[in-house]
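Undergrad: Kindly return the folded structure for what I paste below:
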Amino acid sequence: MALVGCGSGVPSASVSNEDLSRRVDTSDGWIRSRTGIGARRVSGPGEPLTALATQAAAAALAHAGWRAEDLDLILLATSSPDDLFGTAPLVQGQLGAVNAVAFDLTAACSGFLFALITAGQYIAAGSVRRALVIGADQLSRWVDWDDRGTCVLFGDGAGAVAVEACAPEATGLLGFRMRSDGSRNACLTLAQTDEQQPLLDGLTSQRGGFAAIQMNGQEVYKFAVREVPAILAELLESTGTAPAELDWLLLHQANQRILDAVAERFAVPRERVLSNLAAYGNTSAATIPLMLDEAVRDGRVQPGQLLGSSGFGAGLSWGAALLRWSGPGAATSPEA
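TA: I've put the predicted structure just below:
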């Protein structure tokens, strides 16, 4: 599987730390010192998740030089769909990707990495030739804007990566690991509300709805700084890769202190740790592809470079992948 195109889509409105300080008891210094976040994008009227995901997908298609009808698969990693029955088909319809099967995959902040690995397995099995993997979330819908412990963290956005079949020696997915631990689920939740409605005499039914995001920030931080370096170390050892061989660390953008801790563990210089937290905050499943697109477009990430990537978050779930960016036109397999 070669990674041959990328794109992104973000809301037009940016909410700064100073803006938030007019709503809750916080400050730019307080937020930056604890998270590294300076602003976040927040969706407004006419900016549903489908629109952001479609914008990112269309940009990735254009970057790869593909037509929408060339697609075989669209995977949308999201925990905040416009339609609980599935938002990926809406994206497929808006793109005009008439030959692609499309479905959602939910794994919160690990979602994009899990979806990318899933697409890789379809391609390796020979059942899919070209796929779009999209990470998109709109957690501003589910934030309690009066809770300064969570409202400062999350933003909205979408990123997409185009992947296609290639010769084995040109693969962009050199190895991966995935983990889940449901016993720690309560650390970070967007849970269904327990509201009942009358149905018949003596019988009620549950009314659909979800509560605001709840998070034990200290426990999530401890989980991330322990598990992310461990799973990356396991992956690097299994692939025979030394940390010094990595051109970039491409991690889920949750907290700058987490990024710094992982970099320190592997002695990766700060300038080789990709970070756009200051401008976007935590966009959940969108953070990795959004960051990749930015770094490819500005020339930091070049074809052939090696990236150590990790997604982690609610579930709890986490994973790691060793990726090589190929760039447009890089696939060499006769099937591609």
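Undergrad: quick one: the residue nearest to Asp83 when sequence neighbours are not counted from Gln256, how far?
TA: For Asp83, the nearest residue in space outside its immediate sequence neighbours is Leu90; the separation is 6.7 Å by Cβ to Cβ, 6 or more residues apart in numbering. C-beta: built from backbone N, CA, C; applies to glycine. Separation of Leu90 from Gln256 (Cβ to Cβ, to the nearest Å): 34 Å.
Undergrad: ditto for Ile117
TA: 26 Å.
Undergrad: Could you export the strand or helix carrying Ile288 as CSV, CA atoms only?
TA: With the criterion set as DSSP states H and E, the secondary-structure element containing Ile288 is helix 287-297. What follows is helix 287-297 as a C-alpha-only set of coordinates in CSV (Å, rounded to 0.1, in the frame of the first residue of the first chain):
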residue,chain,number,x,y,z
THR,A,287,-5.3,15.1,13.8
ILE,A,288,-2.8,12.7,12.1
PRO,A,289,-4.0,13.2,8.5
LEU,A,290,-4.5,17.0,9.1
MET,A,291,-0.9,17.2,10.3
LEU,A,292,0.4,15.0,7.5
ASP,A,293,-1.3,17.2,4.9
GLU,A,294,0.2,20.3,6.4
ALA,A,295,3.7,18.9,6.5
VAL,A,296,3.5,17.5,2.9
ARG,A,297,2.1,20.7,1.5
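Undergrad: What degree of burial does Ser140 show, as a neighbour count?
TA: Residues lying near Ser140 (other Cβ atoms under 10 Å) number 22.
Undergrad: quick one, what contacts it?
TA: Contact analysis of Ser140 by Cβ atoms under 8 Å, 6 or more residues apart in numbering lists Val42, Ser43, Phe154, Gly155, Asp156.
Undergrad: hmm, try it at 10 Å
TA: Applying Cβ atoms under 10 Å, 6 or more residues apart in numbering, one finds that Ser140 lies in contact with 11, 13, 15, 40-44, 80, 151, 154-156, 281, 283.
Undergrad: For it, grab phi and psi.
TA: phi -60, psi -20 (degrees, to the nearest 10).
Undergrad: which one is it nearest to, not counting chain neighbours?
TA: Using Cβ to Cβ, 6+ apart, the closest residue to Ser140 is Val42 (4.7 Å).
Undergrad: circling back: show me which of the contacts of Ser140 are buried.
TA: Buried members of those, scored by 16 or more other Cβ atoms under 10 Å, are 11, 15, 40-43, 80, 151, 154-156, 281, 283.
Undergrad: out of those, who's nearest Gly65?
TA: Taking Cβ to Cβ as the measure, Gly65 sits nearest to Thr283 out of the buried ones among the contacts of Ser140, at 26.4 Å.
Undergrad: Return the backbone torsion pair for the closest one.
TA: The phi/psi pair for Thr283 (degrees, to the nearest 10) reads phi -100, psi 20.
Undergrad: go on, Arg207?
TA: Backbone geometry at Arg207, expressed as degrees, to the nearest 10, gives phi -90, psi 130.
Undergrad: Appreciated, that's everything.
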